[in-house]
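1. Just to be clear, the model below is a prediction. Sequence and coordinates:
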Amino acid sequence: GLARTRLAKSVHDAGWGMFTRMVEEKAARYGRTFVKVDRFYPSSQICSQCGVQGGPKPLWIREWACTACGAVHDRDVNAAKNIHAAGRAEWRNACGGAVSLPS
């Protein structure tokens, strides 16, 4: 019922925040790594084969071909591959080197 009021945005934001918190806690409980990718990361615009950013596409385009390498991508599968790669890169960055605290 609250989702249909003027507080709908707040209710939906709280729901998404609760979901990500629960996933993060479950990952910690089972010794997994939880990484959030930036909300504005252009996952559906980047070719997962060669890394070229093709620019924004309207939502009705479900399949597209990369102008650089010619690979044909399903929009959602390509975005999932890019989000997975970005999460792994962020995890490696966070765990990669020795961190020294400022004096």
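-> Now that the structure is in, tell me what you want to look at.

2. Next, find the distance separating the closest residue to residue 90 other than its chain neighbours from residue 23.
-> In this structure, residue 90 finds its nearest non-sequential neighbour in residue 35, 4.9 Å apart by CB to CB, 6 or more residues apart in numbering. Backbone N, C-alpha and C define where each C-beta goes, glycine included. Applying CB to CB, to the nearest Å, the value for residue 35 to residue 23 is 11 Å.

3. same deal with residue 74?
-> From residue 74 to residue 23 the distance is 25 Å (CB to CB).

4. quick revisit: run a quick neighbour tally on the residue nearest to residue 90.
-> By other CB atoms under 10 Å, the residues close to residue 35 number 16.

5. Same question for residue 78.
-> 22.

6. Strands of this protein, start to end?
-> 63-65, 72-74 (DSSP state E).

7. pLDDT below threshold where in this protein?
-> 1-13, 92-103 (pLDDT under 70).

8. same thing but at 90, please
-> 1-21, 32-44, 50-51, 54-57, 59, 70, 83-103 (pLDDT under 90).

9. ok, what's across the strand from the residue nearest to residue 57 when sequence neighbours are not counted?
-> Nearest non-adjacent residue to residue 57, counting by CB to CB, 6+ apart: residue 64, 6.2 Å away. Beta bridges link residue 64 to residue 73 when assigned by DSSP bridges.
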